[in-house]
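coords please:
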Amino acid sequence: MKKTFATIVAAAIAAASPAAADLVFPSLSYRTGPYAPNGIPYADGFADYMTLLNERDGGVGGEMIQVPECETAYNTEKGVECYESTKGMGSLAYNPLSTGITYQLIPKVSQDGIPLYTPGYGRTSAANGKVFEWVFNYPANYWDGASVAIKYLLDQNGGDLSGKKIALVYHNSAYGKEPIRTLQELSKKHGFELIELPVDHPGQEQKSQWLQIRRDRPDNVLMWGWGVMNAVAIQEAVNIRYPMENFIGIWWSGSENDVKPAGDGANGYKAIAFHGSGMDYPVYEDLKKYVLDAGKAAGDGSNAGTVLYSRGMYAAMVLTEAARKAQEISGNSAITAAEMREGLEALELTEERLTELGLPGFAQPIKSTCEDHGGPGSAMIQQWDAAAGAWMNVSDYIEADAEVLDPLIAEDSAAYAAENNIAERCN
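Numbers count the residues shown, from 1 in each chain. You can find the predicted model right below:
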């Protein structure tokens, strides 16, 4: 009998997993395919933080953590199969690192009663907890990112973008299309011309898009890219001598992997960020002692401190803090997925708590509520310093334009509720 992908995955996970699991957080990772250079550091950061808690603290609330990893290759169909093959393991939450997979999982997790956590990606309107009971996307979403970029450009242009041209180079997928509606509304509000330039998967061929940029000479270029697309775009910008300081990527287009291939040519490139990076945080002393030097790292340790490793660590930190909250609310250490959802909805991540975790100033505080699953929605701008080989902050945290975004989120979530016969809650 022919084995399906899901059957093979389930067997592999069962063979590699301990018989008894306490707190289970599956990692729908991608260490293969064209997006592997981005997926690997994220998966490493996610797993290593969980390992740190196991090795140093004995898990969370006395319960050990299990992180079964399932390879999706950033493929939506495989991602859904990974979900189906792991959800019966007592899984408490999913973090698939893919907008395409997220869209397919939203109705599934809502039916199965398992939280979905999509920090900085996924369906933007899931920020509306009144409709999306099981989905959380704090601290920020794609529409926040688009708004932050425009607010930054307003600041750089004396508060006036009228008559300016802004090009959007985007991955031609659900992910890349997310900011378009917001940018269209912002263009009406601020009077700039929006030029939309899709790039097909995986993004290695972009000659025509950059020839158009050279011809149209936009004042700024925004990028919603992923994987090899980012490095190719930055190199193409270098080739046409587009000024790097006028080129801004979303947080998925702002890793070391994106800029280093272009060498000194990438100097000055900017990216939006919702957390810090680098190893200048106390948590790394413990990561080094208990995980990296102890030979228990998920990878070879070379990704520690990079942007995407830090983002995977951030997601693990938020999920485990929500698990702590769930334990507190329920009075149970071995929480259920439903109790995990309660913890995510009641999470209050303060600066004081971040400092206790060894991550002072690493990210914005979060206070989740029934209505608000989206978080503060603020982000900062970082700039690549090629000589230093590091990202430098060039702005404080910038708040998104709620006047534009709130109606869009309300409209989109209301449409989803109507299509799926969902009654709003939190009344």
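
which residues in the stretch 201-350 of the chain form helices?
For the stretch 201-350 of the chain, helices defined by DSSP state H, counting those that start in this stretch occupy the ranges 207-216, 228-239, 256-259, 283-287, 307-330, 337-345.

Using TSV, lay out these together with mean neighbour count and distance to Gly159.
Quick note: C-beta positions are derived from backbone N, CA and C, even for glycine. Compiled in TSV, those are given as follows (neighbours: other Cβ atoms under 10 Å; distance: least, Cβ to Cβ, whole Å):
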stretch	mean neighbour count	distance to Gly159
helix 207-216	15	24
helix 228-239	22	26
helix 256-259	24	29
helix 283-287	19	39
helix 307-330	24	30
helix 337-345	22	37
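
so where do the strands sit in the stretch 251-400 of the chain?
270-273, 348-349, 366-367, 378-385, 390-393, 398-399 (DSSP state E, counting those that start in this stretch).

Figure out which of the helices of the stretch 201-350 of the chain is closest to Pro37.
For the helices of the stretch 201-350 of the chain, proximity to Pro37 was assessed by Cβ to Cβ; helix 256-259 is nearest, at 5.0 Å.

Contacts made by the closest one with the rest, please.
Residues outside helix 256-259 that contact it (Cβ atoms under 8 Å, 6 or more residues apart in numbering) are 37-38, 41, 225, 230-231, 234, 249, 266, 269, 271, 306-308, 384, 386, 389.

Which helix or strand in this protein has the lowest average pLDDT?
helix 5-16 (a mean of 46; mean pLDDT, DSSP states H and E).

need the next SSE after that helix, C-terminal direction.
Sequence-wise, the next helix or strand downstream of helix 5-16 (DSSP states H and E) is strand 23-24.

tell me what that next one is packed against?
With contacts taken as 3 or more Cβ pairs under 8 Å, 6 or more residues apart in numbering; DSSP states H and E, strand 23-24 sits against strand 65-66.

Tell me which other helices or strands the helix or strand just after the strand it packs on touches.
Sequence-wise, the next helix or strand downstream of strand 65-66 (DSSP H and E) is strand 69-71. If contacts are counted by 3+ Cβ pairs under 8 Å, 6+ apart, strand 69-71 sits against helix 5-16, strand 27-29, helix 76-86.

Show me which of the contacts of helix 256-259 are buried.
Buried members of the contacts of helix 256-259, scored by 16 or more other Cβ atoms under 10 Å, are 37-38, 41, 225, 230-231, 234, 249, 266, 269, 271, 306-308, 384, 386.

so which of those residues comes closest to Val67?
Nearest to Val67 out of these is Pro41 (Cβ to Cβ; 15.4 Å).

Contact partners for the closest one?
Pro41 neighbours (Cβ under 8 Å, 6+ apart): Ser255, Asn257, Gly299, Asn303, Thr306, Val307, Leu308, Tyr309, Gly312.

and with 7 Å instead?
By Cβ atoms under 7 Å, 6 or more residues apart in numbering, the contact set of Pro41 is Asn303, Thr306, Leu308, Tyr309, Gly312.

Ok, Ile213 next?
Residues near Ile213 by Cβ under 7 Å, 6+ apart: Ala167, Val221, Ile240, Tyr242.
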